[in-house]
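# build me a structure from this.
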Amino acid sequence: MQRGDYDVVLLSLGLSGIDASDLLRRYRCLRGNASVVAMIDRDALESPLVALDAGADDYLLKPFALTDLSARMRISCGLVDAMNNQRLEI
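Residues are numbered from 1 along each chain as shown. Below is the predicted model of the structure:
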């Protein structure tokens, strides 16, 4: 994950061969400021607290409904505004 002009980063903590928590910590140390939503397996050893402590702004437990993902993305992007009827397309 490189620093870039991102609004939201979706990061799966269950990727094999990758320490996603460490990756997230390094991203934050490099001043990565995109909102990070961590996706965590329900039966994973890593808890949501691990993701939040590593720098995630929010998390979703897998499996999740696409409507939940869409809502979290809107919130993370700062697109929730009752006066503004923008839609986030996924």
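
# which element is Asp43 on?
Counting by DSSP states H and E, no helix or strand carries Asp43.

# and the one 10 residues further on, by the same measure?
Taking DSSP H and E as the criterion, Asp53 maps to helix 48-54.

# give the rounded mean pLDDT of that helix.
Average pLDDT, helix 48-54: 92.

# who's in contact with that helix?
Leu13, Ser21, Asp22, Leu24, Arg25, Arg28, Ala38, Ile40, Tyr59, Leu61 (C-beta atoms under 8 Å, 6 or more residues apart in numbering). (Glycine included, C-beta is placed from N, CA and C.)

# which residues does the very next helix or strand once past it contact?
Using DSSP H and E, the helix or strand that follows helix 48-54 towards the C-terminus is strand 58-62. The list of residues contacting strand 58-62 from outside it, by C-beta under 8 Å, 6+ apart, reads 12, 14, 35-42, 48, 51-52, 68-69, 72, 75-76.

# buried ones in the longest strand anywhere in the chain, by neighbour count?
Longest strand of the chain, by residue count under DSSP state E: strand 35-41. In terms of neighbour count (16 or more other C-beta atoms under 10 Å), strand 35-41 has its buried residues at Ser35, Val36, Val37, Ala38, Met39, Ile40.

# which ones are touching Glu46?
The contact partners of Glu46, taken as C-beta under 8 Å, 6+ apart, are Leu13, Gly14, Ser21, Ile40.

# that one should be in a strand, yeah?
No - using DSSP: H, G, I helix; E, B strand; the rest coil, the assignment for Glu46 is coil, not a strand.

# distance of the nearest residue to Leu69 once chain neighbours are set aside from Arg72?
Nearest residue to Leu69 in three dimensions, chain neighbours excluded: Leu60, at 6.4 Å (C-beta to C-beta, 6 or more residues apart in numbering). Relative to Arg72, Leu60 is positioned 6 Å away (C-beta to C-beta, to the nearest Å).
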